[in-house]
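Asker: this is a predicted model, with the sequence first.
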Amino acid sequence: MICKQTRSLRLAAALSATLALTGTFASTTIASRGTIASRAVSVDDTGHLHLLKAFGSVLMEEGSAAGTLPGQAKVRLTVGSTVTASFTIQTKYGTIYGSGSAALHSSGRYSSFGGSLSVSHGTGSYAHAHGSGKLYGVIDRRTSSLTVQTIGTLSY
Amino acid sequence: MRAHSRSRRNDPRLIATDHRGLPARRALRQKPSASLKLTCVLACTFVAVLAPACAFVAVLAPTATATPSVKLAASFSPERLGKGTTIEIGFHVAYPSGQAPLAATAIQFFLPPGLGIATSELGLQNCLPTRLELLGRAACPPNSLMGHGSATTAVPFGSRFVTEHTSVTLFSGPVQNGNPQLLFVTVGEYPVIAEVIFSALVLPAGPRFGGLIETKLPLVPSVPYGPDVALLGLQTTIGPAGIVYREDIGGKTVDFRPRGILLPKSCPRGGFPFAVRLSFGDGSSASSSATVPCPRRRVG
């Protein structure tokens, strides 16, 4: 009985450490032998990006991302009747790759869009990354600067 | 909104509904009916007295129902891959001999893949359809202008059709259900004074094309019990040619030319494909395609 209580406390401590590490809500799956198999993290990041180059309906953007997964973000945005995006977020612990699609919500100088995204793979600590979520953004069509917000769950 | 209207042959006003059938966002703005009637009277007098000088295009009497043909033309100006350009696109409708022109009810312009309309600086402001219908083109902000051109229509008078040349102005409108919207304003002075407003949506297209500009045209009635006004041709630009925008920098208003529609860095195999499909009031349709050849690469 005492042993079970101790084991539960250890598990709780491990979970707390994970929470502290990610700085956000996280759920951890513990395999039967006590090793960590995967983590699921709620992600809420905002990126402020500037134009690298534009051709046709494609905008290549780069900038910093802040939030759950701070790092350097690169986005390839194809803006047509719908918006499609592929992105990378390079963090301290690895890189995350994903894509998304969205519908235009407004036009004019500031064009906003919203839709969904998915994370397909990664490197480093995120080698087994996958996840899904929502994608929101605003493009300043005069300067081609992009503000983008990603909200979702990431497993790795 | 995709303009969709019903013709009331005894009432010069047009009532428009949007594509969901919701009422009365007017797709047509005309001078008061008294003015229209006066214009028609004057025009009919003109037709009777000066008929030889008038450009009749067809006899009004019922005729065979062979399908009209349409010919599309498209070009870029300038033609430089990866750079901004203005699209020039237009079509002309030809009818078999003896056939009266038909009113077009819908136009679909298919655009090549990779054109950056949304990534251009065109339409930095939107023109609101309600203000446009109420106040005319002057209600649209200068930074909502996206192109201009002309249209030719066939207006029935007496037993014949008379051609009318109208100006076309293209504005950016608010997004509709996630689709970018364009607003066309055509203004005719003679023989009928009329301002017709219709909207188009930029929609996804099939695999060969990158986008589709689709519009439902309002039927424009002519004389009571006569056929509706028929569209014979339409040419328009979509791009910065002849357009100047304004912005405030440090409290000063500065003019600038918006970046054009960006061409992709590489040319689609066989060139840039365009197509048009017209639907007519009798249920028939006609299509045409055109290809803009790949621009030659500049050396140096």
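Answerer: That came in fine, so what should we check first?
Asker: which parts of chain A are helices?
Answerer: Listed in chain order, the helices of chain A (DSSP state H) span A:2-22.
Asker: what residues does it put near chain B?
Answerer: A:54-59, A:79-82, A:103-109, A:111, A:141-142, A:144 (Cβ under 8 Å from any Cβ of the partner chain). (Each C-beta comes from the backbone N, C-alpha and C, glycine too.)
Asker: selecting buried members of the residues you listed in PyMOL, what would you type?
Answerer: The buried subset of these, as determined by 16 or more other Cβ atoms under 10 Å in any protein chain shown, is captured in PyMOL by this line:
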select buried, chain A and resi 54+55+56+57+58+59+79+80+81+82+104+105+107+108+109+111+141+142+144
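Asker: now for chain B, the helix or strand with the poorest mean pLDDT.
Answerer: Every helix and strand of chain B was ranked by mean pLDDT, DSSP states H and E. The lowest is strand B:15-17, at a mean of 30.
Asker: what's the longest strand in the chain?
Answerer: Defaulting to chain A. strand A:36-55 (DSSP state E).
Asker: chain B is the one I meant
Answerer: From DSSP E, the single longest strand across chain B is strand B:160-176.
Asker: in its sheet, what does that strand sit against?
Answerer: Strand B:160-176 sits in its sheet next to strand B:56-59 (antiparallel), strand B:145-157 (antiparallel), strand B:179-188 (antiparallel), going by DSSP bridges.
Asker: next, the buried residues of stretch B:222-229.
Answerer: For stretch B:222-229, by 16+ other Cβ under 10 Å, it's B:222-223, B:227-229.
Asker: same question for stretch B:229-239.
Answerer: Here stretch B:229-239 shows B:229-239 as buried, counting by 16+ other Cβ under 10 Å.
Asker: and the gap between the residue nearest to residue A:100 when sequence neighbours are not counted and residue A:110?
Answerer: Using Cβ to Cβ, 6 or more residues apart in numbering or on different chains and skipping residues adjacent in sequence, the residue nearest residue A:100 is residue A:117, 3.3 Å away. Noted for residue A:117: a distance of 21 Å to residue A:110, by Cβ to Cβ, to the nearest Å.
Asker: out of the two, which sits in the more crowded spot?
Answerer: A count of neighbours by other Cβ atoms under 10 Å in any protein chain shown puts residue A:117 above the other of residue A:117 and residue A:110, at 23 against 13.
Asker: wait, residue B:144 touches residue B:126, no?
Answerer: Yes: applying Cβ atoms under 8 Å, one finds residue B:144 in contact with residue B:126, separated by 5.6 Å.
Asker: mean pLDDT lowest where, among the strands paired with strand B:160-176?
Answerer: Per-stretch mean pLDDT for those is lowest at strand B:56-59 (a mean of 44).
Asker: ok so, going back, ok, so of the buried residues of stretch B:222-229, who is nearest residue B:83?
Answerer: For the buried residues of stretch B:222-229, the minimum distance to residue B:83 (Cβ to Cβ) is 39.0 Å, reached by residue B:229.
Asker: quick one, phi psi at the closest one?
Answerer: In terms of degrees, to the nearest 10, the main-chain angles of residue B:229 are phi -60, psi 140.
Asker: run through the residues that contact it.
Answerer: B:103, B:153-156, B:164, B:192, B:220-222 (Cβ atoms under 8 Å, 6 or more residues apart in numbering or on different chains).
Asker: residue ranges of the helices in the stretch 1-150 of chain B, please?
Answerer: For the stretch 1-150 of chain B, the helices defined by DSSP state H, counting those that start in this stretch cover B:33-49, B:129-135.
Asker: weakest of those in terms of mean pLDDT?
Answerer: Confidence, taken as mean pLDDT, is least for helix B:33-49 of those (a mean of 36).
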